[in-house]
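>>> need a 3D model of the sequence below.
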Amino acid sequence: MTEQSIEFLMFLIFTGAGIFATIALYARQAMIVAYIVLGLMLGPWGAGFINDAALISDISNLGIIFLLYLLGLDLSPQQTWKMLRAAMKITIASCAAFFLLGFLIGFVFGYALLQTLLIGAAMMFSSTIIGLKLLPTTTLHHQHTGQIIISILLIQDLIAIVILLLLQGYGKGGNLVVDIATQLLYLPALIGVVYLLARFILFKLIMRFDQIHEYIFLLAIAWCLGIAELAYYVGLSHEIGAFIAGVTLAASPIAFFITERLKPLRDFFLIIFFFSLGAKFNVSMIDEILFPSVMLAVFALVLKPFIFSKLLRMEGEKKHVSFETGIRLGQISEFSLLIAVVAVSSNIIDAQTSSLIQLATLITFVVSSNIIVLKYPTPISVSDRLRRD
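Numbering: from 1, shown residues only. This is a model prediction of the structure:
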């Protein structure tokens, strides 16, 4: 097939997304589901209109970067530390329970030890994209449920990054202990450097030119992508760098202005992200992995809300808060997709196991997002009673 231009790819994605989103809203479905289905239909394993799913995936990663940047802008450093301490026990306990659940499912279906370990690791995390995208953003600061969700997701993301470092180190054949220790040392060093840059350079520029909105918009994007790239350069992830960039900028008096201006840009790339999830999925293996994938997805959709709810109740949270938090976190994560891809490239698991994890994740994305949109307030709810910005 001939090489496709970026203009043609954007035409397919956004014109198709507009049509499918309209159909989804009339059918009272979540628009996220429409984007994934569109990717499946147009991607290399569907009609084949898109033959470079990797390019689309690379572009879509910017959506996650901007999502975590805006999350950081909503949280002061003091508030972030307080939230993380409060959620640590719940997150560790839930991750352990979900790992054991995934491991047992892999064992029952006869997968090898390393494969069952990776299936267990994939089950540990909930989706940052769905968890944050479907929160009512105007109440993010004030809503206690939102604070709990953010805290749990942040700790999960840190654990996922450690697992990714382990997998990458295994693939390189290096000294894992040294590699992980080095990265853990880089993190506080990066935070210190970013704090100094923000205090002595960024804030002075903002104060000097705060009336020029175009410049502030440009500076905000440059700060996000610059710190994200710095984090990647020292061996961390772009997402962690973007989050740190957002937290350091949260103390600025124009943080709210930046947040509002960058939301459309975030949403632009997140549409591409969900489209790429569908486009990258290899449907040729579906007969071999369908039943175990469905079982993995069902256990995640049923037991994750239950376990989160019980743990939160044990920590003294109200019943309705605990239940809603469990439902909003009741899916597998996009980090699980990344873990599956890295594990294949490091020759830890085969393509079939990777596809199993991917299909289970996509199923939980579709079902969980529908449940949340139909039951709780979100920015894209199909009911006027539940729709909140």
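>>> those strands in the protein, which residues are they?
For the chain, no strands turn up when DSSP state E is the criterion.
>>> point out where it drops to low pLDDT.
Along the chain, segments meeting pLDDT under 70 span 1-4, 28-30, 52-54, 75-80, 82-83, 137-143, 165, 168-183, 380-389.
>>> could you find the closest non-adjacent residue to residue 231?
Using CB to CB, 6 or more residues apart in numbering and skipping the chain neighbours, the partner closest in space to residue 231 is residue 241 (2.6 Å). Heads up, the C-betas are built off the backbone N, CA and C, glycines and all.
>>> how about the top helix by length along the chain: buried residues?
Ranked by number of residues, the top helix in the chain under DSSP state H is helix 77-108. Across helix 77-108, burial judged by 16 or more other CB atoms under 10 Å covers 80, 83-84, 87, 90-91, 93-95, 97-99, 101-103, 105-106.
>>> is the residue nearest to residue 231 in contact with residue 227, as I believe?
Yes - between residue 241 and residue 227 there is a contact under CB atoms under 8 Å: 4.7 Å.
>>> before we move on, back to that, what number of residues lie near the residue nearest to residue 231?
Using other CB atoms under 10 Å, residue 241 has 26 neighbouring residues.
>>> where exactly do the helices run in the stretch 51-200 of the chain?
With DSSP state H, counting those that start in this stretch as the criterion, the stretch 51-200 of the chain has helices at 53-73, 77-108, 113-123, 128-133, 144-172, 176-197.
>>> what about the longest one, distance to the chain center?
Average the C-alpha atoms of helix 77-108, do the same for its chain, and the two points are 16 Å apart (CA atoms, centre = their mean, to the nearest Å).
>>> got the angle between it and helix 144-172?
What separates the directions of helix 77-108 and helix 144-172 is an angle of 60 degrees, with axes from the mean of the first three to the mean of the last three CA atoms, to 10 degrees.
>>> for helix 77-108, packing partners?
Under the contact criterion of 3 or more CB pairs under 8 Å, 6 or more residues apart in numbering; DSSP states H and E, helix 77-108 touches helix 113-123, helix 144-172, helix 238-249, helix 286-314.
>>> any chance of CSV for those helices, columns distance to residue 329?
Shown next, in CSV, are the helices and strands packed on helix 77-108 (distance: least, CB to CB, whole Å):
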stretch, distance to residue 329
helix 113-123, 12
helix 144-172, 6
helix 238-249, 18
helix 286-314, 5
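>>> nearest to residue 43, of those helices?
Nearest to residue 43 among those is helix 286-314 (13.8 Å), distances taken as CB to CB.
>>> in that closest one, which residues are buried?
Counting neighbours by 16+ other CB under 10 Å, one finds that the buried residues in helix 286-314 are 289, 292-293, 296-297, 299-301, 303-305, 307-309, 311-312.
>>> next, give me the two most distant ones among those.
289 and 312 (32.7 Å).
>>> which other residues reach stretch 263-278?
Here stretch 263-278 makes contact (CB atoms under 8 Å, 6 or more residues apart in numbering) with 13-14, 17, 32, 35-41, 43, 53, 56-57, 59-64, 66-67, 70, 129, 133, 137, 221, 334, 337, 362, 365.
>>> filter the residues you listed to the buried ones?
The neighbour count (16+ other CB under 10 Å) marks 13, 17, 32, 35-41, 43, 53, 56-57, 59-64, 66-67, 70, 129, 133, 137, 221, 334, 337, 362, 365 as buried among the contacts of stretch 263-278.
>>> just the helices in the stretch 201-350 of the chain please.
Under DSSP H, counting those that start in this stretch, the stretch 201-350 of the chain gives helices at 203-208, 213-233, 238-249, 255-280, 286-314, 319-328, 334-345.
>>> tell me which of these is the most buried.
Mean neighbours per residue, mean count of other CB atoms under 10 Å, is largest over the helices of the stretch 201-350 of the chain for helix 238-249, with a mean of 25.
>>> so it versus helix 255-280, what angle?
170 degrees.
>>> which secondary structure elements does helix 238-249 contact?
If you count contacts as 3+ CB pairs under 8 Å, 6+ apart, helix 238-249 packs onto helix 53-73, helix 77-108, helix 144-172, helix 176-197, helix 213-233.
>>> could you redo the last one with a cut-off of 6 Å?
Judged by 3 or more CB pairs under 6 Å, 6 or more residues apart in numbering; DSSP states H and E, helix 238-249 is in contact with helix 53-73, helix 176-197, helix 213-233.
>>> so can I have a markdown table of these showing distance to residue 319?
Shown next, in a markdown table, are those (distance: least, CB to CB, whole Å):
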| stretch | distance to residue 319 |
| --- | --- |
| helix 53-73 | 27 |
| helix 176-197 | 37 |
| helix 213-233 | 38 |
